[in-house]
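>>> I need the structure of the sequence given here:
(2 chains)
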Amino acid sequence: MGGASGGFTAARKEIVDILRQRSRPYLFSNTLAPSITGASIAVIDMLSETTELRDKLEDNTTYFREQMTAAGFDIKPGEHPIVPIMLYDAKLSQEMAAKLLEKGIYVIGFYYPVVPKEQARIRVQISAVHDRAHLDKAITAFTEVGKELAVI
Amino acid sequence: MYKSLKPRLEKEIQEIKDAGLYKQERIIASPQSADIKLEDGSEVINFCANNYLGLSSHPKVIEAAKNTIDTHGFGMSSVRFICGTQDIHKELEQKISEFLGMEDTILYAAAFDANGGVFEPLLGPDDAIISDSLNHASIIDGVRLCKAQRYRYKNNDMEDLEEQLKAASNAKVKIIVTDGVFSMDGTIAQLDKICDLADKYDALVMTDECHSTGFIGKTGRGVHEYRNCMDRVDILREL
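Residues are numbered from 1 along each chain as shown, chains lettered A, B, ... in the order given. Reported below is the predicted structural model:
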């Protein structure tokens, strides 16, 4: 959960039991590295003690979604920190991402076949490590580039 | 002889480039964070990492990783069942189970493995997998590895899910598989409604929580907390 590597399946007791006996990637790969294992224990402990990080992520997400909507962008509604800025046109999504990078905002434009045809977008992912200044800088840059490219 | 393969690969690479689909890697010369440094020395704000909680370079996480290298070494040089299971692996499995409200947990070296390794041991040709059409590639690959019958329902469409469950009614074991959050849209799956349909048609429920564990729901347990169905999910996977 620290974004390193490793995964898990959590399930009913008998399901996990049979996976330990029969699941091929489990049987034939070296064990998850100790450093990742120890760090993941620290993560679970931290998240069990306090909701501070997820609360900040929620605040950041709400703020970014509200400000971008107010700026006139077409955003898929919701409350998840994945915020798709809909542009529909594949070429436009690439051009916009490139111009944003010039302004110091690193985002990726996605288009077919990753998303359906005519559904190109820039996918913004909000984090608890962003502070208000990061978000404001991004909103300003999006607004400037959006006007330049006649998106808003 | 490589010369038999080389021209074929060159042609394929050119086709990918011609279609504008050749993937370039952007080189980062700093830890993963809000502010990252690129190879050319420029600094940018990162808005495309799955670093939702900022744990990738959180001081407590880094400290724990360093300490564990001192106490438990770098690698295990073994699979789990020979001599590759340490006290910390059991501790982590226990803690994940408690955190998510599940009975037990099995760790994998990669999330892709967790999806690749789950279907084949559980399901046979008399069983059915009913899968959301927008599920992640690793789920799709995992489904391919097993002999169960396959049904797909339209993304997030509960009416179509019900139709597919009816179509799969002859299967001995039925399992509904969904991403907890669809990663290109940020849509949160209607897991409570999926669990209702699972009850009605006697199916199991499996969810992939890569984009939700730790922050979705009031205490960050994931989509099953957010949709108020914590004890109704049978299998839950994460990276």
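
>>> please make it C-alpha for all contacts and neighbour counts, starting now.
Fine.

>>> can you show me the CA trace of the longest helix anywhere in chain A as PDB?
In chain A, taking DSSP state H as the definition, the longest helix is helix A:52-70. Extracted C-alpha coordinates of helix A:52-70, given in PDB (Å, rounded to 0.1, in the frame of the first residue of the first chain):
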ATOM      1  CA  GLU A  52      -5.800  12.300   8.900                       C
ATOM      2  CA  LEU A  53      -4.400  11.300   5.500                       C
ATOM      3  CA  ARG A  54      -7.600  10.100   3.900                       C
ATOM      4  CA  ASP A  55      -9.400  13.200   5.400                       C
ATOM      5  CA  LYS A  56      -6.900  15.500   3.700                       C
ATOM      6  CA  LEU A  57      -7.200  13.600   0.500                       C
ATOM      7  CA  GLU A  58     -11.000  14.000   0.700                       C
ATOM      8  CA  ASP A  59     -10.700  17.800   1.300                       C
ATOM      9  CA  ASN A  60      -8.200  18.100  -1.600                       C
ATOM     10  CA  THR A  61     -10.500  16.200  -3.900                       C
ATOM     11  CA  THR A  62     -13.600  18.200  -3.000                       C
ATOM     12  CA  TYR A  63     -11.700  21.500  -3.500                       C
ATOM     13  CA  PHE A  64     -10.100  20.500  -6.800                       C
ATOM     14  CA  ARG A  65     -13.400  19.200  -8.200                       C
ATOM     15  CA  GLU A  66     -15.300  22.300  -7.100                       C
ATOM     16  CA  GLN A  67     -12.800  24.800  -8.500                       C
ATOM     17  CA  MET A  68     -12.400  23.000 -11.800                       C
ATOM     18  CA  THR A  69     -16.100  22.800 -12.300                       C
ATOM     19  CA  ALA A  70     -16.400  26.500 -11.500                       C
END
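
>>> quick check: mean pLDDT across that helix?
Mean pLDDT, helix A:52-70: 98.

>>> neighbouring contacts of that helix?
A:47, A:75, A:79-81, A:83, A:126-128, A:130-132, A:135, A:139, B:52-53, B:214-216, B:219-220 (Cα atoms under 8 Å, 6 or more residues apart in numbering or on different chains).

>>> those residues in strands, which ones?
Within the contacts of helix A:52-70, residues falling in strands by DSSP state E are A:Val83.

>>> if any of the contacts of helix A:52-70 are buried, put those into a ChimeraX selection.
Listed next is the ChimeraX selection for buried residues among the contacts of helix A:52-70, using 16 or more other Cα atoms under 10 Å in any protein chain shown:
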select /A:47,75,80,81,83,126,127,128,130,135,139 /B:52,53,214,215,216,219,220
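
>>> next step: the contacts of helix A:52-70 restricted to helices.
Using DSSP H, those in helices are A:47, A:132, A:135, A:139.

>>> roughly how far is the longest helix of chain A from the heart of the chain?
13 Å (Cα atoms, centre = their mean, to the nearest Å).

>>> same check on stretch B:114-124?
Centre-to-centre, stretch B:114-124 and its host chain are 13 Å apart (Cα atoms, centre = their mean).

>>> which of the helices and strands in the chain ranks last by mean pLDDT?
Defaulting to chain A. Across the helices and strands of chain A, mean pLDDT, DSSP states H and E gives its lowest value to helix A:24-27, namely a mean of 90.

>>> that was the other one, I meant chain B.
In chain B, the helix or strand scored least confidently by mean pLDDT, DSSP H and E is helix B:111-116, which has a mean of 74.

>>> quick check: next helix or strand after that one?
With elements assigned by DSSP states H and E, the helix or strand that comes after helix B:111-116 is strand B:128-132.

>>> got a list of contacts for the helix or strand following that next one?
Where DSSP H and E defines the elements, the next helix or strand beyond strand B:128-132 is helix B:137-144. Helix B:137-144 is contacted by residues B:112, B:115-120, B:129, B:150 when judged by Cα under 8 Å, 6+ apart.

>>> filter these down to the ones close to chain A.
Applying Cα under 8 Å from any Cα of the partner chain to the contacts of helix B:137-144, one finds that B:112, B:116-118, B:120 fall near chain A.

>>> check residue 136 and give its pLDDT.
In the absence of a named chain, chain A is used. 98.

>>> ah, I was thinking of chain B
79.

>>> quick check: closest non-adjacent residue to residue 76.
I went with chain A, as the question did not name one. A:Pro84 (5.9 Å; Cα to Cα, 6 or more residues apart in numbering or on different chains).

>>> switch to chain B, that's the one I care about
Nearest non-adjacent residue to B:Met76 (Cα to Cα, 6+ apart): B:Gly84, at 5.4 Å.

>>> that neighbour is in contact with A:Asn30, isn't it?
Yes. The pair B:Gly84 and A:Asn30 qualifies as a contact (Cα atoms under 8 Å) at a distance of 7.3 Å.

>>> what's the burial count for residue 146?
Using chain A. If you count neighbours by other Cα atoms under 10 Å in any protein chain shown, A:Gly146 ends up with 18.

>>> switch to chain B, that's the one I care about
20.

>>> the one 5 residues further on now?
Look at B:Tyr151: counted by other Cα under 10 Å, it has 17 neighbours.
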